[in-house]
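In: Let me see the structure of the following:
(3 chains)
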Amino acid sequence: MSHAAELNERQREAILATEGPILVIAGAGSGKTRVLTERIAHLVGDLGVSPYQILAFTFTNKAAREMKDRLERARPGATEMLWVGTFHSTGVRILRRHGEAVGVHRDFSIYDADDSVGLVKAVLSRHPNDARFVKSPRALRDRISRMKNDLVTPALAGEKAVGAGEQRVAALYAEYERELRRANALDFDDLIMKVVELFAASDEVREVYARRFRYILVDEFQDTNPIQMAMIDGLSSVHRNLFVVGDDDQSIYSWRGARVEHILEFEGIYPGTQVIRLEQNYRSTQTILDAANGVIEHNAGRKGKRLWTEGGVGEKVRVAGSVDEEAEALAVLAAVKREVAAGTSLKDIAILYRTNAQSRALEDVFKMGSMPYQIIGSVRFYERAEVRDVLAYCKALANPADDLSVKRIINVPRRGIGKTSVDQIEEIAVRRSGSMLDAMRTPGDGLGAAAAARCRSFLDVFDGLKLIADTEVAPHAIDAILKTTGYLKYLEEVYPDVEARVENVEELLSAAYTFAESAEDKSLRAFLEEIALVADVDSIDLESGQLTLMTLHNAKGLEFDTVIVTGMEEGLFPHYNSIDDPAAVEEERRLFYVGMTRARRRLFLTFAGMRRRLGLMEGGVPSRFLSEIPDRCLEEPFEPMLAPSGPLFSGRPGARWGSGRAIVNEYAQPAPAAEESFSQDAPAAGYAVGMRVMHERFGKGIVRRVEGRGGELRVTVIFDAGGERKFLASYAPMRPL
DNA sequence: TGGTAGAGGCTTTTT
DNA sequence: GCCTCTACCA
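Out: Numbers count the residues shown, from 1 in each chain, chains lettered A, B, ... in the order given. Model (predicted):
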């Protein structure tokens, strides 16, 4: 074992305990990643176990990559035959090899969430009368997903269905499954579910893997769902050397079917389990830990654990209220500036929020203040329309049975194949249980002559591309798609904001080139697989020198010197949809706990008295979680009080909470709470319309508009080089000429 | 078939 | 407030 001296007693114990079922309860920042890595290093280096016999599950691809990198450094060569990955990527690996046994053809497509919703829509459109049983296509997809994660097959759903609504949902689920199979596609859940089915269907295949993997490790065990548990169980069915690491206090994915019970009941499921607890924290200050402990203690259903550190007491947690979300964003910007002035690097600061929608106000202010930031999540790269178009070509070429993708590209760029024709083609395909492409090849009399001719020319394009896609590497195939179809020209014709879209397509192309440089299998299919499984967090660059913005969920597993959690209001955090369910509120509280424990040195919490929600201004009261932080951890005791009846809070009448005291009045006034709470630099120099200015990044320009005052003075500038931009006068690196 | 305008829904979190 | 879908007209 390397660096044994630096490990604490518990960590060493966890690394050395290699046989049988082991449950490690690892608090935030207790060095669990290190334990996992060192344990593998110990197995390989000291016990002579072949990496071929080890399988490790991580929550994200990024975590997998990091684990491999660390291990490679500790034991060069050890990672070669080792399997490390997410449940989904591991599922794909298994299914590509042995999927045929459960009807999964080896060149299957992977449908992401949007694809699934698209398929659900297609199914629903054939049963217009069933629309009344589901809230939305998305809601139905979520229900289907939940069923899959709970190991409920369509048949089982049909048996268990009570009432007409559930009967129909089960029937739609069954049809959705049939459609997936017709398209030779698997959705995200299938990537795991089909493995479980495979193991159930074939003891032989199960044993191939169960015998091979003598040691199985699972990270973030608190967020496994029943289907993943079943996969783990099958894989470990021979050797039972199952090592799971988790923290019941950080379980934040129950909405995805995750069960904390897997941790709480692990000892019962696997008799003879050795339990090891890691409670010493190596990340945060004692004050931050006390604050986090104080909050999480309000949860009833937990194993119980108290983090401690040998590090210092550190600074107190700061709470600041603002009038509205823009003022909150300004307060955040001021805090960031102050942190930077005090010597913290931007890359060590993170802004966290409950919902992606909250990023907008922050982004606006950061843009105006010329603050460099990277945003994780929000509108994901692979969800952009133009990227999806190109990917649809790729998917259809890799798997011609993929009707969803074919439908997306059939008239993009425009080929005069309209909705009517597409419907007719689909009809033929469904009737024959074949693919739409086949239907187009021999349409019979189900399609008009003119439409058939247009389909023919589409097929010519498609077949030409298919030849290239089957033989060339991924970037060449994508390049051919763009050139042959004239896609970039199409973008120009259709969208006003061409530039950004062309850039996105080029980024996709360059991602394919990067992929081809390092990947062993450089085919289009391999590239599709890679990007189907990447999450947004996978692309986070912590060395970019930028401020990082993301949801609390995405922050799991990360750490920063300074963390600012925004939107600490009832209804937002905890969220409206959780507020009247005690178990759901506990999950929100765990999410807050996750957020707090990301901070190494300083923690800021902000809330706003008003916020725009779905286009309407609504008033809010500070989150109950704020009052759960022990006073001694706070810079100033937090004294929530009931809002006086006034215009500001009339949005949510009777919104009472906690002790029934009122919000301090100053939050209700349009006072610059930002300056008061975090202090701020001197206000901006005077700008006037028509004035010439010089900006550090954008050069010279002329002032078109001046709004606001003091620290919130905003200046709109038209630059000589072209382009109009809005800045915060006090922050932008700009001066009058 | 394609373009546009208005309506409606959406936002909780994601592999 | 923004995006997507639908209905209607050219």
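
In: quick one, helices of the stretch 101-250 of chain A?
Out: Along the stretch 101-250 of chain A, the segments classed as helices by DSSP state H, counting those that start in this stretch run A:113-125, A:137-149, A:154-160, A:163-182, A:190-201, A:203-212, A:226-235.

In: Run the chain-centre distance for the last one.
Out: The chain centre lies 23 Å from the centre of helix A:226-235; the measure is CA atoms, centre = their mean, to the nearest Å.

In: same question, the fourth one
Out: Centroid separation between helix A:163-182 and its chain, computed with CA atoms, centre = their mean, is 28 Å.

In: now the strands: where do they sit in the stretch 301-450 of chain A?
Out: For the stretch 301-450 of chain A, the strands defined by DSSP state E, counting those that start in this stretch occupy A:318-324, A:349-353, A:373-375.

In: nearest to DNA strand B, of these?
Out: With CB to the nearest atom of the strand as the measure, strand A:349-353 is the member of the strands of the stretch 301-450 of chain A nearest DNA strand B (8.8 Å). Where C-beta positions appear, they are placed from N, C-alpha and C, glycine not excepted.

In: SS state for residue A:299?
Out: Secondary structure, DSSP: H, G, I helix; E, B strand; the rest coil: residue A:299 is coil.

In: Got the confidence number for the closest residue to it other than its chain neighbours?
Out: Once flanking residues are discounted, residue A:299 sits nearest to residue A:586: 4.7 Å by CB to CB, 6 or more residues apart in numbering. Note for residue A:586: predicted pLDDT of 93.

In: Next: residue A:638.
Out: Listed pLDDT for residue A:638 reads 67.

In: just residue A:137 next, same as before
Out: On pLDDT, residue A:137 comes in at 86.

In: which residues does it contact?
Out: Applying CB atoms under 8 Å, 6 or more residues apart in numbering to residue A:137 gives the contacts A:117, A:120, A:121, A:124.

In: Could you count how many residues lie near the last one?
Out: By the criterion of other CB atoms under 10 Å, residue A:124 has 19 neighbours.

In: Quick check: it touching residue A:130?
Out: Yes. Applying CB atoms under 8 Å, one finds residue A:124 in contact with residue A:130, separated by 6.5 Å.

In: what's the overlap in contacts for those two?
Out: By CB under 8 Å, 6+ apart, the residues touching both residue A:124 and residue A:130 are residue A:172.

In: Contact residues of chain A facing DNA strand C?
Out: Proximity of chain A to DNA strand C (CB under 7 Å from any atom of the strand) is limited to residues A:121, A:385, A:612, A:614, A:615.

In: mind checking pLDDT for the fourth one?
Out: Spelled out, that is residue A:614. pLDDT, read off for residue A:614, is 80.

In: Now do the contacts for it.
Out: By CB under 8 Å, 6+ apart, the contact list for residue A:614 is empty.

In: So what does it have for phi and psi?
Out: Residue A:614 has phi and psi values of phi 50, psi 40 when expressed as degrees, to the nearest 10.

In: ditto for residue A:728
Out: The phi and psi values for residue A:728, taken as degrees, to the nearest 10, are phi -90, psi 120.

In: likewise residue A:508?
Out: phi -60, psi -40.

In: shouldn't it be in contact with residue A:388?
Out: No. Judged on CB under 8 Å, residue A:508 makes no contact with residue A:388 at a distance of 9.9 Å.

In: sorry, back to before: the residue nearest to residue A:299: which element?
Out: Per DSSP states H and E, residue A:586 falls inside helix A:582-596.

In: between that helix and strand A:349-353, how big is the angle?
Out: Counting by axes from the mean of the first three to the mean of the last three CA atoms, to 10 degrees, helix A:582-596 lies at 170 degrees to strand A:349-353.

In: contact partners of helix A:582-596?
Out: With CB under 8 Å, 6+ apart, helix A:582-596 has contacts from A:28, A:249-252, A:254-255, A:288, A:291-292, A:295-296, A:298-301, A:352, A:354, A:552-553, A:555-556, A:563, A:565, A:573-575, A:577-579, A:603, A:625, A:628.

In: Put the buried members of those into a ChimeraX selection.
Out: Selecting only the buried entries of the contacts of helix A:582-596 in ChimeraX, with 16 or more other CB atoms under 10 Å as the criterion:
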select /A:28,249,250,251,252,254,288,291,292,295,296,299,352,354,552,553,555,556,563,565,573,574,575,578,603,625,628
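
In: Could you pull up the residues touching the closest residue to DNA strand C within the stretch 301-450 of chain A?
Out: Per CB to the nearest atom of the strand, residue A:385 is where the stretch 301-450 of chain A lies closest to DNA strand C, at 6.1 Å. Counting by CB under 8 Å, 6+ apart, residue A:385 makes contact with residue A:501.

In: Now do it against residue A:294, distance only.
Out: Counting by CB to CB, to the nearest Å, the gap from residue A:385 to residue A:294 is 46 Å.

In: residues near the closest residue to DNA strand C within chain A, how many?
Out: Nearest residue of chain A to DNA strand C, counting by CB to the nearest atom of the strand: residue A:615, 2.3 Å away. Using other CB under 10 Å, the number of residues around residue A:615 comes to 5.

In: Below-threshold pLDDT in chain A: ranges please.
Out: A:1-5, A:378-380, A:535-539, A:637-685, A:709-711 (pLDDT under 70).

In: Next to DNA strand B, which bits of the stretch 301-450 of chain A? Give me the list.
Out: With CB under 7 Å from any atom of the strand as the criterion, the stretch 301-450 of chain A meets DNA strand B at residues A:354-357, A:377, A:411, A:414-421.

In: PyMOL command for the buried members of those residues?
Out: In PyMOL, this line selects whichever of these come out buried by 16+ other CB under 10 Å:
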select buried, chain A and resi 354+356+377+411+415+417+421
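
In: and the residues of the stretch 301-450 of chain A next to DNA strand B, which two are the farthest apart?
Out: For those, the farthest-apart pair by CB to CB is A:354 and A:416; their separation is 46.3 Å.
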